[in-house]
Structure formats: C-alpha cells, structure tokens
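Enquirer: following is a predicted model, sequence given first.
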Amino acid sequence: MKNRILFILKAREGDWGYGSKESGLSNSVRFTVDMLNATGIEAKVVEVADNNCIDREVTAYRPTHVIIEAFWVVPEKFDVLKPLHPDVQWIVRDHSETPFLANEGIAFGWTVDYLRRGVEVMCNAPRAVSDMAVVAMGCDLNPSAITYGPNVYPVPRLCEMTPHASKTDFIDIGCFGAVRPLKNHMTQAIAAIAFAETIGCTLRFHVNATRVEGQGSPVLKNLRELFGRSDHELIEHGWMVHRDFLDVLRDIDILMQVSFSETFNIVAADAMAVSVPVLVSREIPWIGHYAHRDPTDAADMARGLYEIWNENQGERQNRLLRQRRDMEIYCARSAATWARRFGTRSATTAEAFEACE
C-alpha cells in the first residue's frame with residue numbers, strides 16, 4: 001500500500017507581530033511536505049487547536065503515518081488514538097538538540113512515555129538521534145524507535161543569485177530568530193560592533209523583537225540598553241510571513257547565526273536563498289567550515305565579518321555559490337532519507353535536487 005503521511009502542527013497561540021501566524025516550525029513542515037509530494041510521496045499538513053482535534057483529521061485523511069510536529073501531544077492521548085486508528089504508525093518529531101530540549105521540562109520524560117506506547121520519536125539531527133537512542137536504552141527501550149527525519153529547503157534557481165552592492169557609511173547585519181539565550185544574540189552584537197568600529201561604519205543590528213522565549217527577556221533588555229548608549233543602532237523587527245522576511249533579508253549585508261545549538265536554521269537558509277553571506281557556528285549542519293566561527297569568541301566572529309566584508313566581487317560570488325551548493329547537497333541527502341523511509345523506491349539524485357527547488 002502506498003504511504004500517505006499526515007503532518008500535524010499545533011496552531012500557534014498569540015501573535016509575534018505583523019499579524020503573522022507562521023513560525024520556523026510551520027515553514028519547515030511545509031517545505032518537507034512540498035518535497036515529499038514532488039517526489040511522489042503523498043503528504044499533507046494540518047494545524048489543530050489541541051489534542052482533541054487529532055482524531056478528526058486522521059479520520060478525514062486516512063493516513064498510513066501521522067507525524068506530530070514537536071512535543072505538544074500528551075503521551076496519554078495515544079492511549080485513545082491508537083485503538084481508534086490501529087493501522088496508523090504514530091510518530092513525534094523532535095526539532096531540537098539536547099541543550100535546547102534541556103530547557104523544555106517535559107521533553108525527555110515524554111520521549112520515554114511515547115516509546116513505551118509504541119510511538120516512534122523522529123529527530124531532525126543525527127546527534128539528537130544518538131542522544132535519544134541513549135535515553136531509550138537507559139530506560140530499557142528499543143533504540144530503533146528513534147529515527148531520523150531531516151529538514152529540507154526549497155533552493156532557488158541560480159538566476160536569483162546576485163551579490164549585494166557595497167556600502168560605505170553604514171552596515172546592516174542581521175541576527176534574526178526568536179530571542180533565546182542559546183541563540184547567542186549578545187556576543188554576536190558585540191562582535192558586530194567591533195567589526196563596525198574597525199571599518200569606520202555605523203552598525204545597524206537587526207533582530208526579531210516580538211518573539212522572546214526561554215528566558216530571553218534579559219537578552220533583549222541588554223541589547224536595548226547597549227545600543228541605547230552606543231553610536232550604533234538596534235533595528236527591531238516583528239515576526240512576519242516568510243515572503244516578507246525574505247524581502248527584509250535582501251537589504252541585509254551579512255547574516256549572523258553563531259548560535260550555541262541548532263539542528264538546521266531556516267534563517268540562515270533564507271539568507272542563502274537571497275544571496276546574503278552567512279556567518280554561523282558549526283552547529284548548523286548544512287554549511288561548510290568557511291562560514292563557521294566560535295560562538296564564545298566575539299573577536300573571532302568580528303574577524304569573520306571582516307573577511308566577508310573585504311571580499312572582492314569574484315570571492316563574494318564564490319562564497320554565495322558555495323552556500324547554495326552546500327544546501328543543495330544537504331537537501332538531496334535529506335530527500336533521499338525521506339524517500340528511503342516512505343517511498344516505494346529511492347529518489348534519484350536528479351529528483352532529489354528538483355524536489356528542493
């Protein structure tokens with residue numbers, strides 16, 4: 001029987017600005033669903049208000065597999081859902097590494113409770129798979145129920161790739177994403193200021209200020225206090241729909257995502273898509289070492305910014321091509337991983353590349 005995959009998201013509560021109901025998670029799932037359908041694997045994503053809406057959606061779609069996106073369904077709910085839909089394989093998908101999950105008080109206990117109920121836990125990062133397998137073994141459970149389901153991204157065609165024109169009086173550096181301690185905004189801001197002072201430009205440091213999570217409020221307060229006393233400027237953006245965010249990114253000179261913990265990072269992928277050079281930590285798996293800097297060392301980050309800034313047109317073009325190629329390779333491997341698990345045959349390399357465009 002041909003597989004039909006239903007992805008279920010919990011509808012987001014509240015508003016992060018610009019009236020947007022999108023999130024990194026919802027965009028990530030949408031990209032995956034589009035890729036699966038492009039490679040001949042039937043898939044659909046729905047958003048529900050709570051646990052009690054799941055049965056209705058599963059009954060309507062009649063999937064072979066249901067993937068619950070992130071940890072929001074209480075384990076006991078599967079005691080109700082599994083008898084109602086005995087032929088469905090239930091999966092909960094983890095989008096975070098252990099350092100981030102350690103701040104989510106329910107993540108590891110629920111993982112054990114899911115596994116004990118025969119619910120698969122799928123991680124989007126190999127290291128998370130290894131960690132969760134240890135959790136399973138430590139609780140005398142089968143680690144084979146911990147699986148891998150990586151991210152994908154719709155890589156734009158080459159004709160959209162053009163380097164930005166250089167500026168002389170100011171520089172725009174983006175450090176977007178939800179404000180959380182592990183995103184490392186403060187050290188990146190210090191690095192960006194050091195760099196701007198070196199080249200004699202006024203820094204405009206761009207952040208998302210309407211989505212503050214996981215004890216991120218002191219981080220945002222410190223950013224405001226620092227820039228309020230400096231000669232440089234903090235530009236605060238609300239959360240916005242994906243297409244509007246891409247438009248904002250097009251005016252950024254360099255994107256920083258030198259985080260302490262990541263599994264993919266859609267913001268960096270977005271920068272790649274609109275031809276913005278990125279500076280990241282080695283936590284981001286799809287991009288090469290040429291873009292990596294130490295998240296604990298502001299001076300190292302500043303040197304990375306300076307290196308990008310001083311590139312000539314040919315060097316910048318090569319960097320942008322490398323970013324794109326790195327993403328293409330990562331997405332092709334990701335698409336093949338999904339095809340091996342859910343498809344009737346493995347996707348060819350050409351099909352995998354096309355699925356991510």
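Expert: Structure received.
Enquirer: so who does the residue most central in space within the chain touch?
Expert: Per C-alpha atoms, centre = their mean, the C-alpha nearest to the average position across the chain is that of residue 265, at 3.4 Å. Applying C-beta atoms under 8 Å, 6 or more residues apart in numbering to residue 265 gives the contacts 177, 257, 259, 280, 284. Quick note: C-beta positions are derived from backbone N, CA and C, even for glycine.
Enquirer: swap in residue 132?
Expert: Residue 132 neighbours (C-beta under 8 Å, 6+ apart): 94, 111, 121, 123, 143, 146.
Enquirer: rewinding a little: out of the contacts of residue 265, give me the one that has the most neighbours.
Expert: Most neighbours among the contacts of residue 265, by other C-beta atoms under 10 Å: residue 257, with 27 neighbours.
Enquirer: residue 260: what's its closest spatial neighbour, skipping adjacent residues?
Expert: residue 182 (4.4 Å; C-beta to C-beta, 6 or more residues apart in numbering).
Enquirer: number of residues surrounding that neighbour?
Expert: Residue 182 has 19 nearby residues by other C-beta under 10 Å.
Enquirer: pretty sure it sits in a strand.
Expert: No: Residue 182: not assigned to a strand; according to DSSP: H, G, I helix; E, B strand; the rest coil it is helix.
Enquirer: do you know how far it is from residue 219?
Expert: Relative to residue 219, residue 182 is positioned 10 Å away (C-beta to C-beta, to the nearest Å).
Enquirer: residue 70 touches residue 25, doesn't it?
Expert: Yes: Residue 70 is in contact with residue 25 according to C-beta atoms under 8 Å; the separation is 6.2 Å.
Enquirer: okay, and the common contacts of the two?
Expert: 9, 95.
Enquirer: and the strands in the stretch 101-250 of the chain?
Expert: Using DSSP state E, counting those that start in this stretch, the strands of the stretch 101-250 of the chain run over 120-123, 146-148, 170-174, 202-208, 233-237.
Enquirer: sheet partners, orientation included, of the first one?
Expert: The pairing partners recorded for strand 120-123 under DSSP bridges are strand 89-94 (parallel), strand 146-148 (parallel).
Enquirer: pull out the buried positions in it.
Expert: Across strand 120-123, burial judged by 16 or more other C-beta atoms under 10 Å covers 120, 121, 122, 123.
Enquirer: which pLDDT does the model give the spatially closest residue to residue 103 that is not a sequence neighbour?
Expert: Take residue 103 and drop its neighbours on the chain: the residue closest to it by C-beta to C-beta, 6+ apart is residue 214, 5.3 Å away. You'll see residue 214 listed with a pLDDT of 75.
Enquirer: for residue 214, give me its contacts.
Expert: 103, 180, 181, 182.
Enquirer: low-confidence stretches in the stretch 101-250 of the chain?
Expert: Within the stretch 101-250 of the chain, the stretches with pLDDT under 70 are 158-167.
Enquirer: hey, where'd the helices end up in it?
Expert: Here the stretch 101-250 of the chain has its helices, by DSSP state H, counting those that start in this stretch, at 107-116, 126-138, 185-199, 217-229, 242-249.
Enquirer: what's the answer for the stretch 251-357 of the chain, then?
Expert: 266-273, 298-309, 313-342, 349-355.
Enquirer: those helices: which one's closest to residue 200?
Expert: helix 298-309 (11.5 Å; C-beta to C-beta).
Enquirer: to what extent is residue 86 buried, counted in neighbours?
Expert: 7.
Enquirer: for it, grab phi and psi.
Expert: Residue 86 has phi and psi values of phi -70, psi -20 when expressed as degrees, to the nearest 10.
Enquirer: ok, the residue nearest to residue 260 to residue 295 distance?
Expert: 9 Å.
Enquirer: need the residues touching each of those two.
Expert: Residues touching both residue 182 and residue 295 (C-beta under 8 Å, 6+ apart) are 259, 260.
Enquirer: how close does the closest residue to residue 61 other than its chain neighbours get to residue 298?
Expert: When the adjacent residues along the chain are set aside, residue 61 lies closest to residue 6, with 5.0 Å between them (C-beta to C-beta, 6+ apart). Residue 6 sits 45 Å away from residue 298, going by C-beta to C-beta.
Enquirer: then residue 256?
Expert: The separation that residue 256 has from residue 298, given C-beta to C-beta, amounts to 11 Å.
Enquirer: of those two, which one has the most company?
Expert: Taking neighbours as other C-beta under 10 Å, residue 256 and residue 298 compare with residue 256 leading, 30 against 21.
Enquirer: surely that one is in contact with residue 279?
Expert: Yes: using C-beta under 8 Å as the test, residue 256 is close enough to residue 279 to be in contact (5.1 Å).
Enquirer: now the common contact residues for these two.
Expert: 301, 305.
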